[in-house]
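Asks: Curious how this folds, go ahead:
(one chain, ligands or ions: 1)
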Amino acid sequence: MRKRLAVYPGSFDPITNGHLDILTRGLELFDTVIVAIAHNIEKKALFTIEEKKDMIMRSVKDHLRVKVDSFEGLLVDYVKRVDAKTVIRGLRAMSDFEYEFQMASMNRELNRGMDTIFMMTSKDYFFISSRTIKEVASFGGSVAGLVPDIVQQKLKEKFKR
Ligand code: PNS
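Replies: Alright, predicted model coming up:
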C-alpha cells in the first residue's frame with residue numbers, strides 16, 4: 001500500500017513548540033512527514049539552513065517517521081520531487097488566513113495534484129511565532145516552554161552580549 005506522505009514546509013527560523021505541535025498531530029494523519037526548510041530569499045534569517053536543520057533534527061529525534069530536508073525554489077516543485085501530494089500548514093489566527101489562502105491557491109494553480117491541509121494551532125501555542133520568539137530572546141526575555149531546549153540554548157548563544 002502507498003505510504004501517506006506529507007510535506008510540512010516553512011522558514012523555521014527557529015522551530016517553535018507551535019511547529020512541533022502541528023508536526024506531532026500531522027504524524028497522526030500521515031505515515032511520514034518531511035519538514036522542509038525553505039531557502040527564503042525574501043526573509044533575512046537569524047539561523048543558517050544547517051543550524052535550522054540541526055535544531056529540528058535534535059527536536060524530533062524521538063519521531064522516527066519525520067524527515068528533515070531543505071529546498072530552494074518553488075514548494076510545488078519540491079513536493080513533486082519527493083512524490084508527495086499534501087502540504088501541511090498551521091493556522092494560528094484569522095490574520096494568518098489571507099496569506100495562507102493565497103499561497104495554497106497559488107500552489108494549487110501551479111500543481112493540481114497537490115493540496116494543502118490546515119491544522120489549527122493548539123490554544124497553548126497560538127501566540128507563538130518565530131518572529132516574536134526572536135524578539136523576546138534578543139532582549140534577554142525567557143522563551144522557556146515555547147521552544148525546544150536546544151533552540152533556547154542556540155538563541156542564548158546568538159544573542160550573547
Ligand atoms: O514559515 P513561513 O515563512 O510562513 O513559510 C513560508 C513558505 C516557506 C512555506 C513559503 O514562503 C514557500 O513555500 N516558499 C517557497 C517558494 C514558493 O513556493 N513560493 C510560492 C508560494 S505562493
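Asks: What is the distance between the worst-scoring helix or strand of the chain on mean pLDDT and the centre of its chain?
Replies: The weakest-scoring helix or strand in the chain, judged by mean pLDDT, DSSP states H and E, is helix 94-110 (a mean of 94). Relative to its parent chain, helix 94-110 has a centroid offset of 16 Å by Cα atoms, centre = their mean, to the nearest Å.
Asks: Could you do stretch 104-113 as well?
Replies: 19 Å.
Asks: How about the residues of this structure by the ligand?
Replies: Within the chain, the positions near the ligand by Cβ under 6 Å from any ligand atom are 9-11, 38, 40, 74-75, 103, 106-107. In short, each C-beta sits where N, CA and C put it, glycine included.
Asks: Residue 65: which of the residues you listed is nearest?
Replies: Closest approach to residue 65 among these (Cβ to Cβ): residue 9, at 17.1 Å.
Asks: Checking my notes, the closest one in a strand, right?
Replies: Yes - counting by DSSP: H, G, I helix; E, B strand; the rest coil, residue 9 is part of a strand.
Asks: Cross-check the contact I'm expecting between it and residue 87.
Replies: Yes - counting by Cβ atoms under 8 Å, residue 9 touches residue 87, with 6.3 Å between them.
Asks: Neighbour count: these two, which is higher?
Replies: residue 87 (25 against 22; other Cβ atoms under 10 Å).
Asks: on that earlier part again, which residues are common contacts for residue 9 and residue 87?
Replies: Common neighbours of residue 9 and residue 87, using Cβ atoms under 8 Å, 6 or more residues apart in numbering, are residue 75.
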